[in-house]
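[1] generate coordinates for the sequence data below:
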Amino acid sequence: MPIPVFTKTTLFFVVCLLLTGYFVYTASSGTVRQRQQNEDHDAALAEIEDLRSRRDHLLAVYDYVVSDVYVEQAARRELGYVREGETAFIVLSPFPPSDEHLSGEWWERLFPK
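    Okay, the predicted model is just below:
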């Protein structure tokens, strides 16, 4: 059985076919990589917006906590502070549900949006 001999035309055709395949693979992998980078960028922008929203909420909570209104409210609630001429009373209520099913950070439960 004779060994097949490639002609110059056949060899040129095979090389062109391999180069075409390489260029198609490179272009398609670049497109896939670009799409993934765009998705990562969009996810990062969404996370930044979420973090900014949380920061704004926490700053508002901070401003409230350092205000005189909150200090007086905390003194009334925790220390039983009563102004002159006011009558103190206690409201009895059922126990709150357990914290097992609550989600989020403690300050988000304490100061809901």
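[2] roughly how far does Asp50 sit from Glu39?
    17 Å (CB to CB, to the nearest Å). For glycine as for every other residue, the C-beta is placed from the backbone atoms N, C-alpha and C.
[3] same deal with Leu79?
    Leu79 is 53 Å from Glu39, by CB to CB.
[4] now Glu105
    28 Å.
[5] helices and strands of the protein: which one has the lowest mean pLDDT?
    Taking mean pLDDT, DSSP states H and E as the measure, helix 106-110 is the helix or strand of the chain with the lowest mean score, a mean of 76.
[6] tell me what that helix is packed against?
    Of the remaining helices and strands, those touching helix 106-110 by 3 or more CB pairs under 8 Å, 6 or more residues apart in numbering; DSSP states H and E are helix 8-65.
[7] after the helix it packs on, next one along is what?
    helix 68-79 (DSSP states H and E).
[8] quick one, that next one and helix 8-65 angle?
    Using axes from the mean of the first three to the mean of the last three CA atoms, to 10 degrees, the inter-axis angle of helix 68-79 relative to helix 8-65 is 70 degrees.
[9] residues contacting helix 68-79, please?
    64, 81-82 (CB atoms under 8 Å, 6 or more residues apart in numbering).
[10] for the record, mean pLDDT for that helix?
    Averaging pLDDT along helix 68-79 yields 89.
[11] what's the answer for stretch 38-47, then?
    On average, stretch 38-47 scores 96.
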